[in-house]
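K.L.:
Task: produce atomic coordinates for the following.
(chains A and B)
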Number of protein chains: 2
Amino acid sequence: MKHPHFSHMVISGLGLLGGSLGIAAKKSRICDQVIGVARRRVSLDRARALGCIDQGTLHLETAVRGADLVVLAGPVGTSPEWMRRISPHLAPGCLVTDVGSTKQGVVEAIEKFLYPRERKEKNQRTPPAFDFVGSHPMAGSEKSGIDAARSDLFAGATCLLTRTPHTRPEALKRTELFWRAVGCTHTLVLTPAEHDRMAAAASHLPHAVAVCLANVVAEAVAHDERTRDVLASGFRDTARVAAGLPELWQEIFISNRARLLPFLRRMTRELRGLQRALGQSNSAEVKTILERAASFMRSGGR
Amino acid sequence: MKHPHFSHMVISGLGLLGGSLGIAAKKSRICDQVIGVARRRVSLDRARALGCIDQGTLHLETAVRGADLVVLAGPVGTSPEWMRRISPHLAPGCLVTDVGSTKQGVVEAIEKFLYPRERKEKNQRTPPAFDFVGSHPMAGSEKSGIDAARSDLFAGATCLLTRTPHTRPEALKRTELFWRAVGCTHTLVLTPAEHDRMAAAASHLPHAVAVCLANVVAEAVAHDERTRDVLASGFRDTARVAAGLPELWQEIFISNRARLLPFLRRMTRELRGLQRALGQSNSAEVKTILERAASFMRSGGR
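P.N.:
Numbers count the residues shown, from 1 in each chain, chains lettered A, B, ... in the order given. Just a heads-up that it's a prediction; the model follows:
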């Protein structure tokens, strides 16, 4: 299975990710036709005008009939509900995936629906004829919306994939090859819980830190407007991601709060350690803290 | 005074800043000759080979004889000592400046030496025939050393200048025009105390935050090496500056600790506020925190 091919791909949710995915999929020729689904007709018109989709519809259930690939690209919380809606209409062999930044809640909700416990206990398990594999392409931007969509959003990115006892290896492989076809150069298979713990440290914590930093600096600027002129590239890089869509990150933070909180507490402790060293003018300790960080960053950070 | 011109410029300290300044000054033709001073002969050879200086010497006192511009480009702590050493050798009309990231300690130490209180009290003040103006070109890189020197390091940067009751307006103006000649597009005149407060918020706090974040993420990577593959551009930007030279930042943090500490405490409180909101699953409060940051970043951040 070198190059999977899809004849009828559906992307539900046409924001930055959904839109970019459409352009990238069309460009890669991995599918014959991309159908976009959105809640408003203007979004469909814009997506078509930008070359993100071939056709658009407001009706999710109709769109997925006959599809062999469905990507749920709405906000994290929408995926289980959308899965419930499309499930009766999916053709056998169809592959369904998503793009959510948190996975445990979404994958559990979807699998609970697809493989209800009662059936299993009565030994009457009739697995659906389609597959669901959770995806999290680690691509994005502080920009959002379909107007920011671009064909190279996934170029060089890592895509995280989730595996559970329900995940069929062929489906996982097809999902992996799909993400590579649209530009991802790395894929990593994790359990949903592993995914959420790692994403908390590697992505959600940095975002939270950037947000808090931006708020503290905003306060200093409000106190003395000239501070704005003193902000150099160091600040702009450190806080860049804080410009990201508040609604999107609110949902990510809330849905992954159990994993994020320990890292936030750890971050607070690390800051307090630096405060203590500075309060005692402990140069050696300050240097140790700085050296640990520099050595990690110089080791590649990835 | 549109374009000042210097015939004999001395740069003491040939790291990233000193080296880049040499290339930029030579390129801008603001001076006829650039003399570099370093502690080791290999540094001088390297600086000459890279086109940063015309001539080099290990003897600071000899180098500054006849100079009309001296830039002290060593680590923050070296400037007062270097000023003490060069003072007897400076020609009338010479302009001395520095590049230090903190200013109050340096400027106070230098002015205490140049304008000792006793003389003033006895009404015998004989101001030196040369000028000192504190500078802080807000340019840098997580790279360091003369091999990272480049002619455009100051292009588009802001240079902060300090003014005290001792600062002569003409000297301030010449210093400002010098920094503009080597590429800075903004200059801002502050008291040393204002400088240090603003730099603490706009530059030292972001660095401290990036360092602490890098250390927390390094720990997560040590715990599960796969976390490294999950680090995306969000983390890399947020923590980028933490790769900076530990020795340099140790000195900056220690010398500006009185200004940095209140901002670190404020940062800790901001993180605790987010922790509290997440702990209570208070979606509205999480969104408010995210919105404040996004709105500040979208307002330009500078």
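
K.L.:
Can you list phi and psi of A:Ser144 for me?
P.N.:
phi -150, psi 170 (degrees, to the nearest 10).

K.L.:
Which residue, neighbours along the chain excluded, lies closest to it?
P.N.:
Nearest residue to A:Ser144, sequence neighbours excluded (CB to CB, 6 or more residues apart in numbering or on different chains): A:Leu245, at 4.4 Å. Every residue, glycine included, has its C-beta placed from N, CA and C.

K.L.:
and the gap between the one you found and A:Glu251?
P.N.:
Look at A:Leu245 and A:Glu251: by CB to CB, to the nearest Å, they are 10 Å apart.

K.L.:
does A:His136 sit in a helix or strand, and which one?
P.N.:
strand A:135-137 (DSSP states H and E).

K.L.:
contact partners of that strand?
P.N.:
Contacts of strand A:135-137 with the rest of the structure, by CB atoms under 8 Å, 6 or more residues apart in numbering or on different chains, involve A:17, A:71, A:97-101, A:103, A:154, A:157-162, A:175, A:179, A:184, A:195, A:199.

K.L.:
okay, now the residue nearest to A:Ser144: neighbour count?
P.N.:
Neighbour count of A:Leu245, defined by other CB atoms under 10 Å in any protein chain shown: 19.

K.L.:
and what of A:Val182?
P.N.:
A:Val182, neighbours per other CB under 10 Å, totals 25.

K.L.:
contacting residues around it?
P.N.:
A:21, A:24-25, A:28, A:30, A:154.

K.L.:
And A:Cys159, by the same measure?
P.N.:
When contacts are counted by CB under 8 Å, 6+ apart, A:Cys159 touches A:135-138, A:176, A:179-180, A:184, A:186-188.

K.L.:
Equivalent analysis for A:Ile146, please.
P.N.:
A:14-16, A:18-19, A:43, A:46-47, A:50, A:52 are the contacts of A:Ile146 under CB under 8 Å, 6+ apart.

K.L.:
and of the residues you listed, the nearest to chain B?
P.N.:
Taking CB to the nearest CB as the measure, chain B sits nearest to A:Leu16 out of the contacts of A:Ile146, at 14.0 Å.

K.L.:
Please tell me the pLDDT value assigned to the residue in the stretch 1-150 of chain A that chain B sits nearest to.
P.N.:
Closest approach between the stretch 1-150 of chain A and chain B, counting by CB to the nearest CB: A:Met138, at 4.2 Å. You'll see A:Met138 listed with a pLDDT of 91.

K.L.:
just the one 3 residues further on next, same as before
P.N.:
Among the per-residue scores, A:Ser141 shows a pLDDT of 74.

K.L.:
For the stretch 151-300 of chain A, which segments are assigned as strands?
P.N.:
A:158-162, A:186-190 (DSSP state E, counting those that start in this stretch).

K.L.:
Buried residues, stretch A:62-71. List them.
P.N.:
By neighbour count on 16 or more other CB atoms under 10 Å in any protein chain shown, the buried set for stretch A:62-71 is A:63-64, A:67-71.

K.L.:
So what would you say the end-to-end distance of that stretch is?
P.N.:
For stretch A:62-71, the separation between the terminal residues is 15 Å (CA to CA, to the nearest Å).

K.L.:
so for that stretch, what's the average pLDDT?
P.N.:
For stretch A:62-71, mean pLDDT rounds to 97.

K.L.:
Next: stretch A:12-28.
P.N.:
For stretch A:12-28, mean pLDDT is 96.

K.L.:
Same question for stretch A:88-101.
P.N.:
On average, stretch A:88-101 scores 96.

K.L.:
what's the span of that stretch from first residue to last?
P.N.:
With CA to CA, one end of stretch A:88-101 sits 26 Å from the other.

K.L.:
That one: how far from the chain's middle?
P.N.:
Distance of stretch A:88-101 from its chain centroid, counting by CA atoms, centre = their mean, to the nearest Å, is 17 Å.

K.L.:
quick one, phi/psi of A:Arg29?
P.N.:
The phi/psi pair for A:Arg29 (degrees, to the nearest 10) is phi 60, psi 30.

K.L.:
Just confirm A:Leu172 contacts A:Arg163, I think it does.
P.N.:
Yes - A:Leu172 is within contact range of A:Arg163, at 6.0 Å (criterion: CB atoms under 8 Å).

K.L.:
Next, show the common contact partners of those two.
P.N.:
Counting by CB under 8 Å, 6+ apart, the common neighbours of A:Leu172 and A:Arg163 are A:133, A:189.

K.L.:
what comes up buried for stretch A:194-206?
P.N.:
For stretch A:194-206, a neighbour-count test (16+ other CB under 10 Å) marks A:194-206 as buried.

K.L.:
So which of those reach chain B?
P.N.:
Contacts with chain B within the buried residues of stretch A:194-206, as defined by CB under 8 Å from any CB of the partner chain: A:194, A:197-199, A:201-203, A:205-206.

K.L.:
Out of those residues, the closest to A:Thr268 would be?
P.N.:
Nearest to A:Thr268, judged by CB to CB, of those is A:Leu205 at 11.3 Å.

K.L.:
Might you report the residue contacts of the nearest residue to that closest one once chain neighbours are set aside?
P.N.:
Spatial nearest neighbour of A:Leu205, excluding adjacent residues (CB to CB, 6+ apart): A:Phe263 at 4.4 Å. Residues near A:Phe263 by CB under 8 Å, 6+ apart: A:200-201, A:204-205, B:216, B:220.

K.L.:
just to revisit the earlier point, quick one: strands adjacent to the strand holding A:His136?
P.N.:
Partners of strand A:135-137 in the sheet, by DSSP bridges, are strand A:158-162 (antiparallel).
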